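J.: pasting the sequence and the predicted coordinates here, then a few questions.
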Amino acid sequence: MDPPEETRELPDVTIRAQETSPGFFIASYHPTSPETHPARQGFSIDTKRGLRGKSLAKVLDFAEAYWRQNYPDT
């Protein structure tokens, strides 16, 4: 069985959140213009490195806010 996941498409990034095991999540970021974006290769964060949330929707909200904080003008 595949782990539960949700995707959020924003103008400058696609964020995919997965629940890897109950209560543990990972969010991966993929810029829509990798050739011009500072985070060209994309990156991911997980619950061990500060990702917060109790559901996929909350994880996506946190991940989007994290993106906006670190890349506000891209």
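T.: Yep, it's here.

J.: which strand or helix spans the spatially most central residue of the chain?
T.: Nearest residue to the geometric centre of the chain (CA atoms, centre = their mean): Ala27, 3.5 Å. Applying DSSP states H and E as the criterion places Ala27 in strand 24-31.

J.: which elements pack onto that strand?
T.: Applying 3 or more CB pairs under 8 Å, 6 or more residues apart in numbering; DSSP states H and E, one finds that strand 24-31 contacts strand 13-21, strand 43-46, helix 56-70. Bear in mind the C-beta positions are built from the backbone N, C-alpha and C, glycine included.

J.: low pLDDT regions in the chain?
T.: Residues of the chain that meet the criterion pLDDT under 70 lie in 74.

J.: for the nearest residue to Leu51 once chain neighbours are set aside, give the beta-bridge partners.
T.: Distances taken as CB to CB, 6 or more residues apart in numbering put Ile45 closest to Leu51, at 4.8 Å, once the chain neighbours are dropped. On the basis of DSSP bridges, Ile45 is bridged to Ala27.

J.: neighbours of Leu51, just the number please.
T.: Neighbours of Leu51 under the rule other CB atoms under 10 Å: 18.

J.: in which helix or strand would I find it?
T.: For Leu51, there is no enclosing helix or strand under DSSP H and E.

J.: quick check, the residue nearest to the centre of the chain in contact with Ala17.
T.: Yes: contact criterion CB atoms under 8 Å: Ala27 and Ala17 qualify, at 4.7 Å.

J.: mind listing the shared neighbours of these two?
T.: Counting by CB atoms under 8 Å, 6 or more residues apart in numbering, the contacts common to Ala27 and Ala17 are Val59, Leu60, Ala63.
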